[in-house]
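return a 3D structure for these sequence lines:
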Amino acid sequence: MPPSSEQPLYPLLEQVDHPDDLRRLPLEKLPALAQELREYLVEVVARTGGHLAAGLGVVELTIALHYVFDTPRDRLVWDVGHQAYPHKILTGRRHRMETLRQKGGLSGFLRCDESEYDAFGAGHSSTSIGAALGMAVAARLEGIRREHIAVIGDGALSAGMAFEALNHAGALDMDLLVVLNDNDMSISRPVGAVSNYLARVLSSRFYNRVREGSKQVLGVVPGVRDLMDRWEEHMKGMLMPGTLFEELGFNYIGPIDGHDLPMLVQTLENMKRMNGPRFLHVVTRKGKGFPPAEGDPCSYHGVKPFDPETGEALGGGEGVSYTQVFSDWVCDAAEKDPRLVAITPAMCEGSGLVRFSKEHPDRYFDVGIAEQHAVTLAAGMACDGLKPVVAIYSTFLQRAYDQLIHDVALQNLDVTFAVDRAGLVGGDGPTHAGAFDLSYARCIPNMAVLAPADEAECRALLQTAWEHEGPALVRYPRGQGPGAVPMEGLETLPWGKGEVRRRGSRVALLGFGSLVALCEAVAGELDATVANMRFVKPLDETLVRELAEDHELLVTVEENAAMGGAGAAVSECLDRLGIEVRRLHFGLPDRYIEQGTQAEQLEEAGLTAAELLASIRRRLDAVG
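I've put the predicted structure just below:
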């Protein structure tokens, strides 16, 4: 057959398999490459789903960083990974992007074991500066000369970890470049004094110092002199937080246009020749180049497959999710009691607080990416008579563990935690799995832990926990449940009491939360009793005793780490009561479950009907 005359769809991008290929391109071709990269990113994420708007905003910055720096020898540390899809495409993974977030495919986040270009694994935010600083220290001690670049978003800069690392870096005087990607839009809109501070100049003395430094670096770039003159004229209206970073010991440069590739390249080359801590402020537009994402970057932060022409999601509608159940409950409860306030660490949309924020703006508090502060803020509110609800993902509550213990539970304060994404979470993988909350929460004195089995019970247990005088945590999974329709009222359930959903013999299945449905699915084949325990703490010891006395084998089933989880609570209870009965504990194994669909992850963890049945039958056969 004659060779095809069809032109490549992405002629420049298809020449770039690694950054070495990128560096061979002439500078004038980089804007065209950026356009192709942006179009390809929209095309592939439209098919796979994933994080889109953040990556679109850093296309030019990603190209410039790999063009100027000798990656992977120079350490490029991205924050979180939401913005790192262009980085993946340019670092040898373009041909695997169709596998993004799928079982056995590319991670949606950064993984050191996925590529040598991923200098540091990151699924949670605000770690980039600390990690890059650690690498800079290692290089100095080993006598190695290389660059260390941390790329952090303005939303991630609201976290205490970021400022702790900035403070330390300035004191150490390390060769470190921090690039602030300022798009005025993290997952939810950044809030607080830090974001406000980016919009004003606080000290003319430091302004003059920063102005002169910026002129030296930027003045040689064609066309920038006029920009600098206009900047001086309107400096009071510009985003110029140089004072803070200069005081921390950084040489601050910027702000510059993050979509002007020649300017980015020239500025980075100039800063590469500088020593010590450097800070480059880059202003970008989240969702750049894809109108639906530019118009609504929050909705296009994380997307399901969509039509790349219109931006409309593909597939049919969904039923009511647990997040929606929480959203409806918290609004309804707030109407009845003015003491209810809601707090979230930058997850208004993900945690289901959009409606609440509109209906009760004075009682809604988004603290930014500051999980520790969110919990202590709630504790302070509870001290003076409010009844706060902290809406937070299970994986993010891990970051506030000390505050959970010290600031809330130790003082026995009346704070309710609505913990979303408990258990396995699908394509987000192990960094976002809520695999440990039953284990890390139930060991805390004064802390109650509740696990609803379905949507209706989720609403009732949220109300039950909120009316309880003391700290209480309600954990529920991602997505939909088995389909139970929530009631519209604010009914509660008996405190610390489970229920028997099916009576059988020999085997009792004690289900906790999301896996009660799995227990019910296998009970018929075993003629087993099914108990919906509802409470991990306080555990229904009366029900546990009754089941142990009437059955040969107790089987606990939970979507949480088996080590220290609900099953362990049952065993501790039986030991305390002096009851001898055979036990089998089903939970997540002592390893991280990699990404895939939630069904694939449950299979990988051995939490399926077939595995549960087989294990129970083996145990019964062993005893005759």
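
give the helix, strand or coil label for V557.
For V557, the assignment made with DSSP: H, G, I helix; E, B strand; the rest coil gives strand.

partners of it in the sheet?
Counting by DSSP bridges, V557 is bridged to G511, F586.

any idea how many residues pack against it?
26 (other Cβ atoms under 10 Å). Yep, even glycine has a C-beta here, placed from its N, CA and C like the rest.

centre-most residue in the protein?
Central residue of the chain (Cα atoms, centre = their mean): H124, 5.3 Å from the mean position.

so who does K387 touch?
Residues in contact with K387 (Cβ atoms under 8 Å, 6 or more residues apart in numbering) are D337, R339, L340, V341, D414, T416, W466.

how about A548, phi and psi?
The phi/psi pair for A548 (degrees, to the nearest 10) reads phi -70, psi -40.

what residues are up against it?
So A548 contacts A508, L554, L574, L577, I579, V581 (Cβ under 8 Å, 6+ apart).

and Q266, how far is that from R278?
For Q266, the distance to R278 equals 15 Å [Cβ to Cβ, to the nearest Å].

what ranges do the helices span in the stretch 51-200 of the chain?
53-57, 59-68, 85-88, 128-142, 160-172, 193-197 (DSSP state H, counting those that start in this stretch).

E455: which of those helices is closest?
Closest to E455 of those, according to Cβ to Cβ: helix 53-57, at 29.8 Å.

how far away from the center of its chain is that closest one?
Distance of helix 53-57 from the chain centroid (Cα atoms, centre = their mean, to the nearest Å) equals 16 Å.

buried set for that helix?
For helix 53-57, burial by neighbour count (16 or more other Cβ atoms under 10 Å) applies to A53, A54, G55, L56, G57.

export the residues you listed to JSON lines and tack on pLDDT and distance to V474?
Formatted as JSON lines, the buried residues of helix 53-57 follow (pLDDT from 0 to 100; distance: Cβ to Cβ, whole Å):
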{"residue": "A53", "pLDDT": "86", "distance to V474": "31"}
{"residue": "A54", "pLDDT": "89", "distance to V474": "30"}
{"residue": "G55", "pLDDT": "90", "distance to V474": "34"}
{"residue": "L56", "pLDDT": "93", "distance to V474": "36"}
{"residue": "G57", "pLDDT": "92", "distance to V474": "35"}
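
most neighbours, which of the contacts of K387?
T416 (30 neighbours).

ok, now which ones touch T597?
K103, G426, G427.

apologies, that question was intended for Y440.
Q398, Y401, G564.

okay, now D74: neighbour count?
18.

can you tell me how far the nearest residue to it once chain neighbours are set aside sits from H82?
Leaving aside its sequence neighbours, D74 sits nearest to E147 (Cβ to Cβ, 6 or more residues apart in numbering; 4.0 Å). Using Cβ to Cβ, E147 is found at 23 Å from H82.

higher neighbour count, these two?
Using other Cβ under 10 Å as the criterion, E147 and H82 rank with H82 on top: 28 against 21.

who's in contact with that one?
H51, A54, G55, I187, H301, G302.

residue ranges with poor pLDDT in this protein?
Along the chain, the parts satisfying pLDDT under 70 run over 1-6, 184-242, 315-318, 624.

centre of the chain to the helix ranked longest in it, how far?
Longest helix in the chain, counting residues (DSSP state H): helix 30-48. Centroid separation for helix 30-48 versus its chain: 24 Å, with Cα atoms, centre = their mean.

now do the buried residues in it.
30, 33-34, 36-42, 44-46, 48.

now for that helix, which elements pack on it?
In terms of contacts (3 or more Cβ pairs under 8 Å, 6 or more residues apart in numbering; DSSP states H and E), helix 30-48 is packed against helix 53-57, helix 59-68, helix 85-88, helix 261-272.

let's see it at 6 Å
helix 59-68 (3 or more Cβ pairs under 6 Å, 6 or more residues apart in numbering; DSSP states H and E).

other SSEs contacting the helix it packs on?
helix 19-23, helix 30-48, helix 85-88, helix 261-272.

what residues does that helix touch?
19, 22-23, 30, 34, 37-38, 76, 86-87, 90, 258-259, 261, 264-265, 268-269, 282 (Cβ atoms under 6 Å, 6 or more residues apart in numbering).
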